[in-house]
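# When you get a sec, could you give me coordinates for this:
(chains A and B)
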Amino acid sequence: MSKNLTSRAEDYSKWYNELVVKADLAENSAVRGCMVIKPYGYAIWEKMQAELDRMFKETGHVNAYFPLFVPKSLFEAEEKNAEGFAKECAVVTHYRLENDPDNEGKLRVDPNAKLEEELVVRPTSEAIIWNTYKGWIQSYRDLPILINQWANVVRWEMRTRLFLRTAEFLWQEGHTAHATKAEALVEAEQMNDVYAEFAESFMAIPVIKGIKTESERFAGALETYCIEALMQDGKALQAGTSHFLGQNFAKAFDVKFTNNEGKLDYVWATSWGVSTRLMGALIMTHSDDKGLVLPPNLAPFQVVIVPIYKNDEQFEIISEKANSIISELKTLGVSCKFDKRDTHRPGAKFAQHELQGVPLRVAIGPKDLENNTVELARRDTLTKEIIQIDKLTQTIKDLLVVIQHELFTKALNYRNTHITEVENFDEFKTVLETKTGFISAHWDGTNETEQKIKELTKATIRCIPMNNKLDDGKCVYSGQPSTQRVLFAKAY
RNA sequence: CGGGGUGUAGCGUAGCCCGGUUAUCGCGCCACGUUUGGGACGUGGAGGCCGCAGGUUCGAAUCCUGCCACCCCGACCA
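Coordinates of the predicted model:
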């Protein structure tokens, strides 16, 4: 392992890839486009899962699990959805292998074991779930259904990148069924709000809530709500989406119910999801050239204690202090690891914990034993201070809150200073090339203009912000009248 | 999938153009000793189907063909 990361300025993309691997978050696997999520990376994902799961349950949802495979006939039922995902589906066609008669010791697919009907490995689960819901819903009394599932999905992407775009990824997908359009709309918007709240409070990532234009909408949705974040390199990242599906899936799967007036109607639907892509967002929002920077609310452990000693006797005394600090922190709800490995020297441990983004580091050495102090170091600012040991745990508790807040504020400042209003297309292109970030511009509302801008600049409309203020102007590209500004950016 | 690039020890690499002794160097790894407040030092040691499969040749890391993986740029996308 070489000592230093490639810097962000030198090669942002390389920096990201090296960081993911060196911080021990994930690595590429023997399977094309699929990653191995390593324990440290998975621990962060588990923290995200735990918070999201709690938030879903607080908003009335329950977890369930549906099959990995979707029979092709079900998959194709909702045409737009099927069409949207068709190009990236893995398909199971056989169910057995046999010894290859022409190739000793090798196996081949048994040609006699062809499936009657191909099975699509889910790229998303609307089809199998709505086919199931059909059997569960007869009356308005059966509604709403508010289900979430934690699962893996497969989308056969051409170009993959650890966490940001892998062929298989982990996510959660909520699938809800409602008696009225209004209720489904409220649900879709509510879950987008939940995502925004999670991103900001736990990941310390400021996000813009908005709706997608028709061309960026989820295949099969009538409206897609989203949260958009801005990465340090000025590119936008879609961090979560929540879809109002109307009655499309109910019609495709014939899910009707009798309402309280005795009339038959199709069920209204939503679906919403966030994925391991959030790991990518987390990394690219806060980390620096020394490695990962984790917000305290998601760090696998928030504090690490590194002992510095010259002999066993000193180590014993330090261990005792460390253990009492750990138990005090535990009662304050702070997680702490004592790095007592005798195989690495302190400097190596400092470097490793910085690389892995541990928010606070406590070093205890001989000088501290004399003075009853410790050295407390912040990962985010890389600053250190000597503090009295009896003030330590409360200081840590308070500091973690400060760090969480400051990471958010720093990211928010960056984001806010990278939303630029432009009035014409030259300005649009200049800002996109030099300053980067979001561009707030008038758009005539047509798909043609959107596609043309994408073609010319690679920038797409990330979203139309929620509660966007109306503002008469002229489309930045076509010059046609426009009633509001929308946000453009180059995106991941 | 289209264009470009790269695959040599766990990692990073030299050698490849112009085929020819035992494949270079650094980091890491192992043992012992000395060390420990920012990635320790010394001595000794282990580790290689030179991405995979064919071909050319007396001889291939080196030349040719195919395949695979990864990186960058496109199209696609959470």
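
# use CA for all of it now, contacts and neighbours both
OK.

# Which residues of the stretch 351-492 of chain A lie near RNA strand B?
A:351-352, A:354-355, A:363-369, A:374-375, A:377, A:382, A:455, A:458, A:491-492 (Cα under 7 Å from any atom of the strand).

# try 6 Å this time
A:351-352, A:363-368, A:374-375, A:455, A:458, A:492 (Cα under 6 Å from any atom of the strand).

# ok, these vs residue A:31, which is closest?
residue A:492 (22.6 Å; Cα to Cα).

# Spit out the contact partners of the closest one.
A:164, A:235-238 (Cα atoms under 8 Å, 6 or more residues apart in numbering).

# Now restrict the residues of the stretch 351-492 of chain A next to RNA strand B to buried residues only.
A:352, A:363-366, A:368, A:374-375 (16 or more other Cα atoms under 10 Å).

# Just those: which are in helices?
A:352, A:366, A:368 (DSSP state H).

# Nearest residue to the first one in space, ignoring adjacent ones along the chain?
What sits nearest to residue A:352 in space, not counting adjacent residues and going by Cα to Cα, 6 or more residues apart in numbering, is residue A:23, at 8.0 Å.

# any idea of the pLDDT on that neighbour?
What the model reports for residue A:23 is a pLDDT of 92.

# What's the local residue count around it?
The number of residues packed near residue A:23 is 19, by other Cα atoms under 10 Å.

# Kindly report the same for residue A:84.
For residue A:84, the count of nearby residues is 12 (other Cα under 10 Å).

# What of residue A:275?
Residue A:275 has 23 nearby residues by other Cα under 10 Å.

# quick one: which helix or strand includes the spatially closest residue to it that is not a sequence neighbour?
Among residues not flanking residue A:275 along the chain, residue A:171 sits closest, at 3.9 Å (Cα to Cα, 6+ apart). Element membership for residue A:171 (DSSP states H and E) is strand A:168-178.

# moving C-terminal of that strand, what's the next helix or strand?
helix A:181-201.

# Would you mark the buried spots in that next one?
For helix A:181-201, by 16+ other Cα under 10 Å, it's A:181, A:183-185, A:187-189, A:191-201.

# Name the surrounding residues that touch the helix or strand just after that helix.
Once the chain leaves helix A:181-201, the next helix or strand it forms, by DSSP H and E, is strand A:208-211. With contact meaning Cα under 8 Å, 6+ apart, strand A:208-211 is reached by A:192-193, A:196, A:223-229, A:463-466.

# One more: stretch A:128-146?
Outside stretch A:128-146, the residues touching it (Cα under 8 Å, 6+ apart) are A:60-62, A:66-67, A:70, A:74-75, A:174-179, A:249-250, A:253-260.

# so the closest residue to residue A:383 other than its chain neighbours, which of the three states?
Setting aside the residues directly before and after it, residue A:383 is nearest to residue A:377 in space (Cα to Cα, 6+ apart), at 5.6 Å. Under DSSP: H, G, I helix; E, B strand; the rest coil, residue A:377 falls in the strand class.

# Residue A:377 - how many residues pack around it?
Using other Cα under 10 Å: residue A:377 sits among 20 other residues.

# Just the pLDDT at it, thanks.
So residue A:377 comes in at 98 (pLDDT).

# Contact partners for it?
Contacts of residue A:377 by Cα under 8 Å, 6+ apart are A:360-362, A:383-385.

# List the beta-bridge partners for it.
residue A:361, residue A:384 (DSSP bridges).

# one step back: which of the contacts of strand A:208-211 ranks first by neighbour count?
Going by other Cα under 10 Å, residue A:226 tops those with 33 neighbours.

# Helix or strand for it, just tell me which one.
For residue A:226, the host element (DSSP H and E) is strand A:223-230.

# report the longest helix in chain A, please.
For chain A, the helix that runs over the most residues, judged by DSSP H, is helix A:392-417.

# Output the contacting helices and strands for that one.
Here helix A:392-417 touches helix A:277-286, helix A:312-331, going by 3 or more Cα pairs under 8 Å, 6 or more residues apart in numbering; DSSP states H and E.

# Other residues contacting the first one?
What it means is helix A:277-286. A:16, A:44-45, A:162-165, A:203, A:205, A:229-232, A:237, A:239, A:292-294, A:407, A:411.

# The helix or strand bottoming out on mean pLDDT in chain A: partners in the sheet, and parallel or antiparallel?
Sorting the helices and strands of chain A by mean pLDDT, DSSP states H and E puts strand A:107-109 at the bottom, at a mean of 81. If you go by DSSP bridges, strand A:107-109 pairs up with strand A:97-99 (antiparallel).

# Quick one: mean pLDDT for the strand it pairs with?
85.

# Which parts of it count as buried, going by neighbours?
Buried, per 16+ other Cα under 10 Å, within strand A:97-99: nothing.

# RNA strand B versus the residue nearest to the spatial centre of chain A, what's the distance?
Closest to where the C-alpha atoms of chain A average out (Cα atoms, centre = their mean) is residue A:278, at 1.7 Å. Residue A:278 sits 8 Å away from RNA strand B when distances are taken as Cα to the nearest atom of the strand, to the nearest Å.

# Outline the domain layout of chain A.
Domain assignment for chain A by automatic domain parsing gives A:12-286, A:303-414, A:419-489.

# With respect to residue A:6, which of the ones you listed lies nearest?
domain A:12-286 (5.0 Å).

# returning to that earlier point: now the contacts of stretch A:128-146: which count as buried?
Judged by 16+ other Cα under 10 Å, buried ones among the contacts of stretch A:128-146: A:61, A:70, A:74-75, A:174-179, A:249-250, A:253-259.

# ok, and which of those reach RNA strand B?
Applying Cα under 6 Å from any atom of the strand to the buried ones among the contacts of stretch A:128-146, none is adjacent to RNA strand B.
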